[in-house]
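J.: Attaching a predicted model along with its sequence, questions to come.
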Amino acid sequence: MNGESVVFWVSGTFAVVGALGMVVSKKAVHSALWVAFAMVNIAVLYFALEAPFLGTTQIIVYTGAVMMLFLFVLMIVGVDSSDSLLETIKGQRLLASLFALTFGGVIVASIASTLSSPSAGLAIANAGYGGHLQAIGFLVFGTYLFAFEALSALLITAALGAMVLAHNERWTPRKTQDQLQKERTFSNHVTPLPAPGVLARNNSVDTPALLPDGTTSIESLPNAFRGEGQVSKSNSIEEAGK
Amino acid sequence: MFHSQAQGDLGIFGNDPAAVIAVKVLGIFVIMVLMTLLTIWAERRVVGRMQMRIGPNRVGPFGLLQSLMDGIKLALKEEIIPKGAHLAVYVIAPVIAATTAFLTFAVIPLGPQVSIFGTVTPLQLTDFPVSVLYVLAIASVGIYGIVLAGWSSGSIYPLLGGLRSSAQMISYEIAMGLSFVAVFLYAQSMSTSQIVAAQEPMWYIVLLLPSFIIYTTAMVGETNRAPFDLPEAEGELVGGFHTEYSSLKFALFFLAEYVNMVTVSALATTLFLGGWRAPWPISLWDQANVGWWPMLWFFGKVFAFIFVFIWLRGTLPRLRYDQFMKFGWKVLIPVSIVWILIVSVARYLRNEGGLESRNLLFAASAVLVVVVLVSYTLDLRRKKSDEAEEQRIAIEAEQEFDPFAGGFPVPPMPGQVAQPSRRMKATISSGAPASHTPAETTEGN
């Protein structure tokens, strides 16, 4: 067994394990990690096949950018581990397996068709370009320039679409630190507002704070609890002040 | 078009006997660990000096062994694993951070060809056509260590710190990657040894100064160092992503941070400061770029960068998070894209045999500076128009708010104040000062 086949069997196995782990994992974050692992192993396979540019790009783009964004979203949203097995769309499973089979069939067929004829080899493919990097550069920015530009336009449109959808109009200009500071200095409260009296005797934020002069402070309450009938009627607070 | 000035050079890599490879690997590992110990010591001494203190001077000559002793103490400390941690990921995270930090150095050229045990070999573990991209790829895997550490700790401060530092590293990696492009265009290669070879006539810091400035700014952001050390903002996030780590696992993160510092400095040296090539007065000596001497110049340059890192930490206050992100996305990235455009045009003109591209590039640097200044003044002017906008809002605010304009419930226009709700109308006014409108008091809470 030569070095290349050793790398293939080790990294190939790892990639498959990663893919299976992604499907089997219950936690969404673990799934994302398994995918990242599989991606790195696929990149190793590219390296072994003398395509270091593709390998590094695979890691930078898929492992570094795409999966990292996935992880970000998962961590911020905090997806629960429970998986719903309910079909939300009718016949979804049937359609999904149909499409999966078709897709698999297409891939197998296309790979099989390339196997039927002997491959020309990297040396011949790169000949006339002076290296595989130059060859990729020439193909992307020469022969397939239009397809490349069209794809990048598509991606930019998608990015713009995401920004438009997520955009939140600001009604008023954001207050600067300077403004906030002035507002606070010229208001009646230079110090922060008093905290509610939760920690003193009660277990709820509707308890107003007790000021040193024995009165309770309505300002210590969140806005929603300031209305009539909202403030805790607990006598203990009033009594404590007497 | 397919001109490749030093393509054949890469043939010298990958033919070493196993023993030489082992020596190189071990050598890099030992050098990195020693550099880490030395950097920590240097940081404490230099920062101490800058703060009019003495710094560690008890253990060993000049306190040189202080960081070694600290390291031993750290490794022998009790290990605490929080109950809520996701154990497997929690253990893997520091390992990812530390190993990726070491991996990058494999492609950094430390010197020209030398003889090790009778084998003539370059002072570099390996090199291939895309080794600078490899550095970027490894850096992006390294971020996983930090993100996962933050997530797996099962605690909120580490999670926030992890998210912050990875957002930071990803943002600054883009600017960093863009700053490489000009170097690639001029060296016509992405391999580190060929980039060093291409800098024989002139270092790229002279030719591509904007790229150098962008890279050095991005590298400080990339390594999470002051003034960009927001992930470790003690006042806000305790210790950031490694809050819940202790003992050897914490030591691994610490090691990774300092190794990364050395690595980005080494990369800056390789890409912009001529790598192992001797600086000008020394380069007149004809033995300067031969044999083992270049390693000295190389580490001299690396230490110059590390000193700047420490100097920055001793001088600058920490940025606010939004200012930091704005700077990365709205200043560094656009400026580097404009700069790449200029460099490409210069390159094209030179290939076509037009203008002398060097003069053009110097002129373009000047133009870029002017553009930045103009954009700054425009920014100042925009502030004025913001004030005009505020005045307009103030006028609008005087018109009364109609909550059912056009027959539908609508929110107030900017500056208009909504009528207080029935519940708010009933607010007990005993404690609240009369001057406070409901909107203001919410902010106070």
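T.: Looks like it came in fine.

J.: got the CA positions of the one helix or strand B:Val302 maps to in CSV?
T.: With secondary structure defined by DSSP states H and E, B:Val302 is part of helix B:293-315. This file holds the C-alpha atoms of helix B:293-315, laid out as CSV (Å, rounded to 0.1, in the frame of the first residue of the first chain):
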residue,chain,number,x,y,z
TRP,B,293,22.9,33.6,9.9
PRO,B,294,19.5,34.4,8.3
MET,B,295,17.8,32.7,11.2
LEU,B,296,19.1,35.5,13.4
TRP,B,297,17.8,38.2,11.2
PHE,B,298,14.4,36.4,11.0
PHE,B,299,14.0,36.1,14.7
GLY,B,300,15.2,39.7,15.1
LYS,B,301,12.4,40.8,12.9
VAL,B,302,9.9,38.6,14.7
PHE,B,303,10.9,40.0,18.1
ALA,B,304,10.5,43.5,16.7
PHE,B,305,6.9,42.7,15.9
ILE,B,306,6.4,41.1,19.3
PHE,B,307,7.8,44.2,20.9
VAL,B,308,5.2,46.3,19.0
PHE,B,309,2.5,43.9,20.3
ILE,B,310,3.6,44.6,23.8
TRP,B,311,4.0,48.3,23.2
LEU,B,312,0.4,48.5,21.9
ARG,B,313,-0.8,46.7,25.0
GLY,B,314,1.1,49.1,27.2
THR,B,315,-0.2,52.2,25.4
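
J.: who touches it?
T.: Residues outside helix B:293-315 that contact it (Cβ atoms under 8 Å, 6 or more residues apart in numbering or on different chains): B:35, B:39, B:42-43, B:46-47, B:50-51, B:110-112, B:123, B:216, B:220, B:223, B:225-227, B:229, B:261-262, B:264-266, B:268-269, B:273, B:275-279, B:282, B:287-288. (Each C-beta comes from the backbone N, C-alpha and C, glycine too.)

J.: what mean pLDDT would you report for that helix?
T.: Regarding helix B:293-315, the rounded mean pLDDT is 90.

J.: Next SSE downstream of it?
T.: Assigned by DSSP H and E, the successor of helix B:293-315 is helix B:321-326.

J.: For that following helix, enumerate the helices and strands it packs against.
T.: Secondary-structure packing of helix B:321-326 (3 or more Cβ pairs under 8 Å, 6 or more residues apart in numbering or on different chains; DSSP states H and E): helix B:156-187.

J.: near chain A at all, the helix it packs on?
T.: Yes - Helix B:156-187 comes into contact with chain A (Cβ under 8 Å from any Cβ of the partner chain), by way of B:159, B:162-163, B:166-167, B:170, B:173.

J.: which of these has the most neighbours?
T.: Tallying neighbours with other Cβ atoms under 10 Å in any protein chain shown puts B:Gly162 at the head of the residues of helix B:156-187 next to chain A, with 30 neighbours.

J.: Do I have it right that that residue meets B:Gly240?
T.: Yes - with contact defined as Cβ atoms under 8 Å, B:Gly162 reaches B:Gly240; the gap is 7.5 Å.

J.: what residues are shared contacts of these two?
T.: Joint contacts of B:Gly162 and B:Gly240 (Cβ under 8 Å, 6+ apart) are B:150, B:231.

J.: could I have stretch A:116-126 exported to CSV, CA atoms only?
T.: Output in CSV follows, covering the C-alpha atoms of stretch A:116-126 (Å, rounded to 0.1, in the frame of the first residue of the first chain):
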residue,chain,number,x,y,z
SER,A,116,-15.2,3.9,-17.9
SER,A,117,-12.5,5.9,-19.8
PRO,A,118,-8.9,6.1,-18.5
SER,A,119,-8.1,9.5,-16.9
ALA,A,120,-5.6,11.7,-18.6
GLY,A,121,-3.8,12.6,-15.3
LEU,A,122,-2.9,15.9,-13.7
ALA,A,123,0.3,16.5,-15.6
ILE,A,124,-1.6,16.6,-19.0
ALA,A,125,-4.4,18.6,-17.5
ASN,A,126,-2.0,21.2,-16.2
